[in-house]
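Peer 1: got a predicted structure here, sequence first:
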Number of protein chains: 2
Amino acid sequence: MQVVVPFAAETPKTRLESVLSPTERSTVARAMLADVVSAIVETGHEPTVLSTASLADANDPGLAELPASVTVDDRPLTEAVNPQLPTTAGETVAVVMADLALVTPAALERLFAPDADVVIAPGRGGGTNALVVRHPDFRVDYHGASYLDHRRIAREIGASCESVDSYRLSTDVDEPDDLVEVLLHGDGRTAATLAELGFDLETGEGRVSVSRSDRSGGQ
Amino acid sequence: MQVVVPFAAETPKTRLESVLSPTERSTVARAMLADVVSAIVETGHEPTVLSTASLADANDPGLAELPASVTVDDRPLTEAVNPQLPTTAGETVAVVMADLALVTPAALERLFAPDADVVIAPGRGGGTNALVVRHPDFRVDYHGASYLDHRRIAREIGASCESVDSYRLSTDVDEPDDLVEVLLHGDGRTAATLAELGFDLETGEGRVSVSRSDRSGGQ
C-alpha cells in the first residue's frame, strides 16, 4: 500500500514558536517525519513524503537517508493530497500526517486493518491525523473540522467509513502541551531530539507539563 | 469483574469553572458518570461507584436509577481506591475514571483484554484514566504523573504491565478544550447535556473550539 506523508518543509510548526526557535522547530519537525517514515517502513508499506519543498537542502543530514521517496508539491495540503488518492476501484492509499511523533507500527496496523472504503484516525480538535482511502470518489478537505467533513463526504458518495480509536494516532504535535505526550510516551528520534534540546517533564498536581533547561543552543 | 468508578460528588470539575456554573458542572459530571456506568454494564461487568459522598441527594433524579452499587469513601482518590484492589492472586479489579465521557463498550473491552498483571490506559498529560489490576501487591498513586508511577510500581513488584492505545480512554474531561472532543465524538448523555446547555462546535482554521449560546440557565 502507498502511504503518503504530507510534510511542510518550510516554516513548520509555527504554534511551537513560544518554546522553540525556527531552526529548532525545523529540527523537531524533521525528527517527527523520520519517526513516522520509520514506523511505516516497519509495517512493510511504502512511504512517499509529499513535501512542500525539496528535502535535499535539509540542515539535518539524517533526512538524506530517509527510506522514502519524495514528491514535491508546493500547493496547500488539500490540493496536494487529492491527486495522490485512488482514481480506480481496487486501489488503496493511506495518508498519514508527518507530526504523529508517537506513531508505532502497531498503531498503523490498526489503521490499515478495517475493511472499509474510508478509515479515519481523528486527531484532537477534529482533525484527520491519518486516513485510508479505498474508494475512487473520495476526496479530502483538510480545512476546519476535517474529521466531520470526511465522514460527511464518505456518506455522500456511499462509501463505508470507520474510525480508529488510537491515542497515538490522535496525538499530532502542534502546541507546547503536545510535547508532554512525546516526552511521556515517545521512544524515537523526536523524544531524543526534545531531550537534547533540554526539555523535561515537570510533574506536580494535575496534568504534567514540560520545562526547558537554560541552554545557549538554538537560533 | 468488579469495575470501580471513583467519583468526586462535591465541587466536581473545578477546571471547567470558566465555562460552567457550579450547578452545571455537577450536572455534567453526573452525566459523564452515567455514560461510564452504562458502558461498563454493556460489557457485562459490575460497576461500583466509589463516591466521596452519598448520591442520594443528587439534584439529578436520573442517578437514583444508576445501574451500579455505590460505596461512599470521603478519603482522597489514592487512599480510597487502594482498599478496593485485589489482595489475593486470582482476583481482578478495574478502576475507570468517572469523567471518560467518550468511553464505549468496545474501548473497555480493549482495556479488559490483555492478559497482564496491570493494564493501563493513559490519559493526556500523564494521568491514569483506566486500569486493570490482577496482582495482589499493586497499589495506586494518583498524584503527579501517575502513568509513569504506575509503570514503575508494576516493575518494582515484578508485575507484567501493558498500555492500551485508546483515544477514547485517553480523553478525560477536565478543561474547556476537552468539551470539543465530547461534542465531536460523544453520543451519550454527556453530549446531550452539553447541547442542552448551549454548547456547539466552533469551526475555523486549526483545531475546533466550542462556543456557547447566550442562555439564562445555570447560576
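Peer 2: Noted; the coordinates are in hand.

Peer 1: so how far is A:V173 from the residue nearest the centre of chain A?
Peer 2: Centroid-nearest residue in chain A, with CA atoms, centre = their mean: A:M97, separated by 2.4 Å. Going from A:M97 to A:V173 by CB to CB, to the nearest Å gives 10 Å. For the C-beta atoms, the positions are set from N, CA and C on the backbone; glycine is no exception.

Peer 1: wait, A:E202 sits on A:V210?
Peer 2: Yes: using CB atoms under 8 Å, A:E202 is in contact with A:V210, at 6.1 Å.

Peer 1: these two: which is more packed in?
Peer 2: Of the pair A:E202 and A:V210, A:V210 is the one with more neighbours under other CB atoms under 10 Å in any protein chain shown, namely 20 against 14.

Peer 1: who does the more buried one form a beta bridge with?
Peer 2: A:L201 (DSSP bridges).

Peer 1: give me the pLDDT for it.
Peer 2: Note on A:V210: pLDDT of 82.

Peer 1: how far away is it from B:Y142?
Peer 2: Separation of A:V210 from B:Y142 (CB to CB): 21 Å.

Peer 1: ditto for A:S170
Peer 2: Using CB to CB, A:S170 is found at 23 Å from B:Y142.

Peer 1: mind showing which ranges of chain A have poor pLDDT?
Peer 2: Within chain A, the set of residues satisfying pLDDT under 70 comprises A:57-64, A:205-207, A:214-219.

Peer 1: which parts of it sit against chain B?
Peer 2: By CB under 8 Å from any CB of the partner chain, the residues of chain A that approach chain B are A:15, A:104, A:106-107, A:110, A:122, A:124-127, A:143-145, A:147-148, A:165-170, A:174, A:177, A:180-181, A:184-185, A:201, A:203-209.

Peer 1: filter these down to the buried ones, ChimeraX style.
Peer 2: A single ChimeraX command selects the buried members of these (16 or more other CB atoms under 10 Å in any protein chain shown):
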select /A:104,107,110,122,124,125,126,127,144,145,147,148,165,166,167,168,169,170,174,177,180,181,184,185,201,203,207,208
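
Peer 1: in strands, which of the residues of chain A next to chain B fall?
Peer 2: A:P122, A:L201, A:S209 (DSSP state E).

Peer 1: ok, the residue lying closest to A:D73 once chain neighbours are set aside - contacts?
Peer 2: When the adjacent residues along the chain are set aside, A:D73 lies closest to A:A80, with 4.1 Å between them (CB to CB, 6 or more residues apart in numbering or on different chains). Contacts for A:A80 were tallied using CB atoms under 8 Å, 6 or more residues apart in numbering or on different chains; they are A:P6, A:L50, A:T52, A:D73, A:D74.

Peer 1: for the helix or strand encompassing A:A80, buried residues please.
Peer 2: Assigned by DSSP states H and E, A:A80 belongs to helix A:77-81. In terms of neighbour count (16+ other CB under 10 Å), helix A:77-81 has its buried residues at A:L77, A:A80, A:V81.

Peer 1: what's the answer for stretch A:157-165, then?
Peer 2: For stretch A:157-165, a neighbour-count test (16+ other CB under 10 Å) marks A:A159, A:C161, A:E162, A:S163, A:V164, A:D165 as buried.

Peer 1: that older thread, what is the nearest of the buried residues of helix A:77-81 to chain B?
Peer 2: Proximity of these to chain B (CB to the nearest CB) peaks at A:L77, which lies at 11.6 Å.

Peer 1: ok now the host helix or strand of A:V36, how far from the chain's centre?
Peer 2: Following DSSP H and E, one finds A:V36 within helix A:22-42. Helix A:22-42 sits 9 Å away from the centroid of its parent chain (CA atoms, centre = their mean, to the nearest Å).

Peer 1: and A:Y167, what does it touch?
Peer 2: By CB under 8 Å, 6+ apart, the contact list for A:Y167 reads A:L102, B:P122, B:D165, B:S166, B:Y167, B:L169, B:S170.

Peer 1: and these as a markdown table, adding distance to B:A191?
Peer 2: Conversion of the contacts of A:Y167 to a markdown table gives the following (distance: CB to CB, whole Å):
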| residue | distance to B:A191 |
| --- | --- |
| A:L102 | 27 |
| B:P122 | 23 |
| B:D165 | 23 |
| B:S166 | 18 |
| B:Y167 | 16 |
| B:L169 | 17 |
| B:S170 | 18 |
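
Peer 1: before we move on, back to that, just the buried residues of the contacts of A:A80.
Peer 2: Among the contacts of A:A80, those buried by neighbour count (16+ other CB under 10 Å) are A:P6, A:L50, A:T52, A:D73.

Peer 1: is it true that A:H143 touches A:T78?
Peer 2: Yes: contact criterion CB under 8 Å: A:H143 and A:T78 qualify, at 6.7 Å.

Peer 1: so which of the residues of chain A next to chain B are in helices?
Peer 2: Members of these lying in helices (criterion: DSSP state H): A:106-107, A:110, A:147-148, A:167-170, A:177, A:180-181, A:184-185.

Peer 1: farthest-apart pair in the residues you listed, please.
Peer 2: A:L148 and A:L184 (28.4 Å; CB to CB).

Peer 1: picking that back up, secondary structure and distance to B:F138 added to the buried ones among the contacts of A:A80, as TSV?
Peer 2: What follows is the buried ones among the contacts of A:A80, written out as TSV (DSSP: H, G, I helix; E, B strand; the rest coil; distance: CB to CB, whole Å):
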residue	secondary structure	distance to B:F138
A:P6	strand	43
A:L50	strand	46
A:T52	coil	49
A:D73	coil	51
